[in-house]
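Asker: Attaching a predicted model along with its sequence, questions to come.
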Amino acid sequence: MKQDFKQDLHELFELINSNKPFALMRFADGEIGVMQGRQVNGSDNWVSPAYVTKLGEDLLTAITRTDSNVYYGFSCECCDIEGKTYLLDKVKAEMSNITFSNIFVNGNYVEFKKLLIDLDKTVHLISNDRTNINLFPLQVETFLPIPDNCVEFWENFHDEFKQSLKEYYENESGKLFLVAAGPMSEVIIDYLWSINPNNQYIDVGSAIAEFIYGHPIRDFAYQQSPYHNKNCKF
């Protein structure tokens, strides 16, 4: 990754089309709040209390991987310079493994949708339990639903959930996993990678909202939004 907004998006899709195993975990303000133990009311109906939860602890672990094919998306200078500084202080990976947390949205959103639709792949989809998989433009091989309050869910059921992930996916190989589970996405991907680094695991977040709910849930998707054409600077 070159920390170039447009170029990095195409590099990621070249990786996807190469079928090489890799993981992408994206950290921004929500994940940072959970990691720091701050009270956060997430925009997707999740709530993080004012202490470091189990999810916060596991996010702090997930950010420390140094595998050559594990990538991180971080807050950028133009959107959250304090967040960028915090995350760069925590990460241990090389800069060539770091890109934008906004890589699929803002000025890249329209191109992301096109590149996603053009993929010739089936997917394992992990996303909100209100997802309508019939709207998804790719064939969904399996769908694993996640409740709204992912912080609370991970606090209470992380062991059972990880066991389910292991049972379902430990023997998969060469598959594409798309994850949109709020700040729980990163720990899901980190765990899946730890048990089976033979697939592609990508935190796509709200960029796939149109394809799972039938409508966007963020301003960047609308042409009148100032974010719609914004090309982020790292």
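Answerer: Right, received. Where do you want to start? A quick note: this is a predicted structure, and the numbers were derived from the prediction, not measured.

Asker: In contact with the residue nearest to the spatial centre of the chain, which residues are there?
Answerer: Taking Cα atoms, centre = their mean as the criterion, Asp203 is the residue nearest the geometric centre of the chain, at 2.1 Å. Counting by Cβ atoms under 8 Å, 6 or more residues apart in numbering, Asp203 touches Leu24, Met25, Arg26, Gly73, Val179, Ala180, Ser185, Glu186, Ile189. Using the backbone N, CA and C atoms, a C-beta is placed for each residue, glycine as well.

Asker: try it again with 6 Å
Answerer: Leu24, Met25, Arg26, Val179, Ser185 (Cβ atoms under 6 Å, 6 or more residues apart in numbering).

Asker: Out of the residues you listed, which comes closest to Lys84?
Answerer: Arg26 (12.8 Å; Cβ to Cβ).

Asker: Strands - which of the contacts of Asp203 land there?
Answerer: Leu24, Met25, Arg26, Val179 (DSSP state E).

Asker: For burial, what's the neighbour tally of the residue nearest to the second one when sequence neighbours are not counted?
Answerer: What that stands for is Met25. Of all residues not flanking Met25 in the chain, Glu186 sits nearest, at 4.3 Å (Cβ to Cβ, 6 or more residues apart in numbering). As a burial measure, Glu186 scores 28 neighbours (other Cβ atoms under 10 Å).

Asker: my guess is Pro145 is in a helix, correct?
Answerer: No. According to DSSP: H, G, I helix; E, B strand; the rest coil, Pro145 belongs to no helix; its state is strand.

Asker: So what sits opposite it in the bridge?
Answerer: Ser127 (DSSP bridges).

Asker: quick one: it and Ser127 touch, right?
Answerer: No. Pro145 is beyond contact range of Ser127, at 7.4 Å (criterion: Cβ atoms under 6 Å).

Asker: Make JSON lines out of the contacts of Asp203 and add distance to Ser96, pLDDT and neighbour count.
Answerer: As requested, the contacts of Asp203 are exported to JSON lines (distance: Cβ to Cβ, whole Å; pLDDT from 0 to 100; neighbours: other Cβ atoms under 10 Å):
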{"residue": "Leu24", "distance to Ser96": "13", "pLDDT": "98", "neighbour count": "26"}
{"residue": "Met25", "distance to Ser96": "16", "pLDDT": "98", "neighbour count": "26"}
{"residue": "Arg26", "distance to Ser96": "17", "pLDDT": "98", "neighbour count": "26"}
{"residue": "Val179", "distance to Ser96": "23", "pLDDT": "98", "neighbour count": "27"}
{"residue": "Ser185", "distance to Ser96": "22", "pLDDT": "98", "neighbour count": "27"}
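
Asker: ok, so of the residues you listed, who is nearest Glu141?
Answerer: Val179 (14.1 Å).

Asker: can you tell me which residues contact the closest one?
Answerer: So Val179 contacts Ile126, Ser185, Ile188, Ile189, Asp203 (Cβ under 6 Å, 6+ apart).

Asker: quick one: the helices in this protein?
Answerer: Counting by DSSP state H, one finds helices in the chain at the ranges 5-18, 29-36, 54-62, 77-90, 109-117, 150-169, 184-195, 209-213.

Asker: ok, back up a step: please identify which of the ones in strands among the contacts of Asp203 is nearest to Pro137.
Answerer: Val179 (16.7 Å).

Asker: partner residues bridging the closest one?
Answerer: Beta-bridge partners, per DSSP bridges, of Val179: Ile126, Asp203.

Asker: any idea how far Thr53 is from Lys175?
Answerer: 30 Å (Cβ to Cβ, to the nearest Å).

Asker: What of Ser127?
Answerer: For Ser127 relative to Lys175 (Cβ to Cβ), the value is 16 Å.
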